[in-house]
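1. Sequence and predicted structure, then a few things I'm wondering about:
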Amino acid sequence: MRFVVAAVVGAAVLAGCAPVQSGGTAPTGVDEQTGQLRVWLFDEVNRGPKEAVVKEAITEFQQAHQGVTVDVQYIQVQTRAERFKAAFSDPKSAPDVAEFGNTDLAGYVAGGGFAELDLGQWSESKDLLPEVLDTGTVDGKVYGVPWYVGVRALYYRTDIFQELNIQPPATLDEIAPLARKIRAAKPDLLGISAGGKYTYGAMPFVWANGGDIAKKDGDNYVSAIDSAESKAGLKQYTELLADDICPPAQCAANGGDASVEAFRAGKAAMVVGGDFNRKSVDASTAAGKYAVVPLPGKKAGEIAPAFAGGNLLGVMKGSERKTLANQFLQLLGGKAYQRKMFDAMGNMPTFGDVQDEVAKANPVLEPFIKTLNAGTKFVPVTPNWAKVDAQAVLPNLLQKISAAGEDVDTAAKAAADEMNAAFSS
Amino acid sequence: MPTRRGDGRIAFAYLTPALLVLVGLMGYPIYQLVLISLFDYGQEQVSGGAPLTFLGLGNYTTLLANARFWAVLGQTVGFAAVCVVGTLLVGTALAVLATRVRTWARMTLFLAALGAWATPAVAGSTIWLFLFDANFGFVNEVLGTTGFSWTYDKWVAFGLVAAQVIWCSFPFVMVTLYAGIKAIPGEVLEAAALDGASTTRTATSVILPLLRPLLIVVTIQSIIWDFKVFTQIYVMTNGGGIAGRNLVLNVYAYQQAFAASEYGLGASIGVVTTVLLLIVTAAYLRALRRSGEAL
């Protein structure tokens, strides 16, 4: 009896001696021309206008393609990682076309999720801004078409600046003294709403000081966050998280949204905010009482390099309707619908000519366009960035310095070590 | 009773269904967990984009060499200890109280406790956050401390979360012990009273020993629950507090391993947690057996 049990157990152990691996999302070779095309787009706080534009695109697409239906699912940004991981592991539940954040790209491509796109036959593609297209590129191959781009600039309250008779900062160094002055005069206000978890608000400080998150070294990335320049930038940003500017007890736990929220609520005199925040600020107590300037650089007249955020549209590798998927992507990501998305959501277009056109019609975009043209920066394009992101290395670094009382050298060294461990894994 | 040949076989046959369920629901996942912990198993490996690499104990050495893991482990043990002691104290005190008050008061107490017990952890944590909100929270309003952040300071934040954990886990202890106290035969207490035992003496020499088996159950349950706490910390401290200073083991495992797609490393944290809990439970049972309790 005992022998039988042992034998059965032993056989079971031998038979399954490795964790499961799915067949993967290898190209199926199938290319159906009819049926249902599945599309994943991100849900938004105010989804109505986006949904209306997408519906229009679907109607147009379905009229042009007999026997094709398009099914759109709106997925939550918060749980996107789980959704996409599940889709990569089980191609049956995966969409054909998906919207995704450009910082996730490298990880998704390594995970075998997205197919390389052939933009050669798409005439509009030559107008895509090269710097923005780079955010959809891994190792020289394009996997995502930039659907819109997001850059951040400095929002400030015109009424308060006028009342205190001050000018918006001309250099990064001026921000802290200015913010201190505002809070001293108006103790209810945050001088500048600077979040302790607001990575993309802090990184321009690092970049403007000549620092960087990481540098490419051969095939690998090596963290540069503990370089002297980077530390100067970190010091300059975390200086803003002080009781006389933005008290850590109030600000240290804030990310980008919460930082902007304080400005919307009329509780902050300045904030680093994106072009995508403009509509929501216009619908807040700060409406009509604010202006935007590019975040200044080290010297007067310079602009601090901004993070080139934004979302991409891609075709899944396992899609059984590749041709249709590419056609739908080119419709929704094309010039006409980018223009419509700008009107509906304020999303900044990624085509040079469309961008110029909307900028002319909307002078409010000028500071963002200027920032974009001054040159942007991006996170390291490596699948391991997802790991650094998930492990909250940069937010932890900012919080350690601003709230946990660690000195910049120790905290930056620890963050660099964590990053290098992730890069080399 | 003398055993005959064949008895064992019959007993085994009777136990087979239960055994199958246990193996299926407990054995297989643990087997998978241990197996995964021995590999470099990330998203690329899951979706078949990269080959599997056998690491042996590699994940464990990485984990045990990490100073942060030890810091979080220490924090978890301390946090769980406070929660367990708090839960037991509150639960026991209220159980005793319930045996001594009028029916309507007892009913109110039970309803309130059951409400806390039935509240889903995410909802409960969020409601507590609302109550303790820095600017609009009811608690700050009452205390006149508007603007005070309850989730900023490391120890204040831990205290708040511990209070929430105790709030949602004391009802189990209270209900169990109340039932236990009620089940003590009246004659036993009467005999103690006739022998002239004081209230304290009755409590320590009669009631407590009789409640012992129940106390063992609720203590072990509480240790396991509080050691594995995830939701409360994740929701209330926004994923581990400022600079991760409020992390506990489960949230740490989630953040470092599962969110980062390092399933192999995450599985090894899971195995370490399981082993630790088994050791704690075994040590506790052993200590009890030494003190003469038949189990």
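-> Yep, it's here.
2. burial count for residue 229?
-> No chain was given, so I picked chain A. 15 (other Cβ atoms under 10 Å in any protein chain shown). Where you see a C-beta, it was placed from the backbone N, CA and C, and this is true even at glycine.
3. meant chain B, my bad for not saying
-> Burial of B:Val229 is recorded as 23 neighbouring residues (other Cβ under 10 Å).
4. Can you classify it by secondary structure?
-> Secondary structure state of B:Val229, per DSSP: H, G, I helix; E, B strand; the rest coil, is coil.
5. Distance of it relative to B:Val218?
-> 16 Å (Cβ to Cβ, to the nearest Å).
6. quick one: low-confidence ranges for the stretch 51-200 of chain B?
-> Scanning the stretch 51-200 of chain B for pLDDT under 70 picks out nothing.
7. Please settle this for me: is B:Trp117 part of a helix?
-> Yes - according to three-state DSSP, B:Trp117 belongs to a helix.
8. who's in contact with it?
-> By Cβ atoms under 8 Å, 6 or more residues apart in numbering or on different chains, the residues touching B:Trp117 are B:168, B:171-172.
9. want to throw these into CSV with secondary structure?
-> Shown next, in CSV, are these (three-state DSSP):
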residue, secondary structure
B:Cys168, helix
B:Pro171, helix
B:Phe172, helix
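10. Of these, which are in range of chain A?
-> For chain A, no contacts are drawn from these by Cβ under 8 Å from any Cβ of the partner chain.
11. Now flag whichever of the residues you listed is closest to chain A.
-> B:Cys168 (23.3 Å; Cβ to the nearest Cβ).
12. Settle this for me: the closest one is touching B:Pro120, isn't it.
-> No - look at B:Cys168 against B:Pro120 with Cβ atoms under 8 Å: they stay out of range, at 9.4 Å.
13. More neighbours: which of the two?
-> Under the criterion of other Cβ under 10 Å, the comparison of B:Cys168 against B:Pro120 puts B:Cys168 first, with 22 against 10.
14. nearest residue to residue 281 other than its sequence neighbours?
-> Since you didn't name a chain, this refers to chain A. A:Arg264 (5.7 Å; Cβ to Cβ, 6 or more residues apart in numbering or on different chains).
15. Actually, chain B is the one I wanted.
-> Nearest one to B:Thr281, counting by Cβ to Cβ, 6+ apart, is B:Ile220 at 5.6 Å.
16. Please tell me the pLDDT value assigned to that neighbour.
-> As predicted, B:Ile220 sits at a pLDDT of 88.
17. if I read this right, it contacts B:Leu278, doesn't it?
-> No - judged on Cβ under 8 Å, B:Ile220 makes no contact with B:Leu278 at a distance of 11.1 Å.
18. quick one: which of these two has more around it?
-> B:Ile220 (16 against 10).
19. Quick check on the more buried one: phi, psi?
-> The phi and psi torsions at B:Ile220 (degrees, to the nearest 10) take the values phi -60, psi -40.
20. any idea how far it lies from B:Leu214?
-> 11 Å.
21. My reading is that B:Met26 lies in a helix. Confirm?
-> Yes - under three-state DSSP, B:Met26 falls within a helix.
22. if I pick residue 234, what's in contact with it?
-> You didn't say which chain, so I picked chain A. A:202, A:205-206, A:211, A:225, A:397-398, A:401, A:408, A:412.
23. Actually, chain B is the one I wanted.
-> B:Tyr234 makes contact with B:240, B:251, B:254, according to Cβ under 8 Å, 6+ apart.
24. got a winner among these for most neighbours?
-> B:Val251 (23 neighbours).
25. Any idea how far the helix or strand where that one lies is from the middle of the chain?
-> In this assignment (DSSP states H and E), B:Val251 forms part of helix B:249-253. Centre-to-centre, helix B:249-253 and its host chain are 14 Å apart (Cα atoms, centre = their mean, to the nearest Å).
26. helices or strands up against that helix?
-> If contacts are counted by 3 or more Cβ pairs under 8 Å, 6 or more residues apart in numbering or on different chains; DSSP states H and E, helix B:249-253 sits against helix B:67-100, helix B:231-236, helix B:263-290.
27. Which elements pack onto the last one?
-> In this case it means helix B:263-290. Partner elements for helix B:263-290 (3+ Cβ pairs under 8 Å, 6+ apart): helix B:28-36, helix B:58-64, helix B:208-227, helix B:249-253.
28. okay, these, which one's buried deepest?
-> helix B:249-253 (a mean of 23; mean count of other Cβ atoms under 10 Å in any protein chain shown).
29. and it, C-alpha only, in CSV?
-> Taking C-alpha atoms only, helix B:249-253 is exported to CSV below (Å, rounded to 0.1, in the frame of the first residue of the first chain):
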residue,chain,number,x,y,z
LEU,B,249,5.3,40.9,4.7
ASN,B,250,2.3,40.2,2.5
VAL,B,251,2.2,43.7,1.0
TYR,B,252,6.0,43.6,0.6
ALA,B,253,5.7,40.3,-1.3
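30. buried sites along stretch B:83-98?
-> Buried residues in stretch B:83-98, counted by 16 or more other Cβ atoms under 10 Å in any protein chain shown: B:83-84, B:86-88, B:90-92, B:94-95, B:98.
31. Which of the residues you listed sits closest to chain A?
-> Ranked by distance to chain A (Cβ to the nearest Cβ), the buried residues of stretch B:83-98 are led by B:Cys83 at 23.0 Å.
32. Name the nearest residue to the closest one, sequence neighbours excluded.
-> According to Cβ to Cβ, 6+ apart, the nearest residue to B:Cys83 is B:Asp226 (4.0 Å).
33. try A:Glu302
-> A:Pro296 (6.6 Å).
34. pretty sure that neighbour is touching A:Val272, no?
-> No - A:Pro296 is beyond contact range of A:Val272, at 11.4 Å (criterion: Cβ under 8 Å).
35. Show me which of the two is the more surrounded one.
-> It is A:Val272, of A:Pro296 and A:Val272, that has more neighbours when counted by other Cβ under 10 Å, with 29 against 22.
36. can you tell me which residues contact the more buried one?
-> A:Val272 neighbours (Cβ under 8 Å, 6+ apart): A:152-155, A:192, A:194, A:198, A:201, A:204, A:259, A:295.
37. Pretty sure it sits in a helix.
-> No - in this structure, A:Val272 is strand, not part of a helix, as judged by three-state DSSP.
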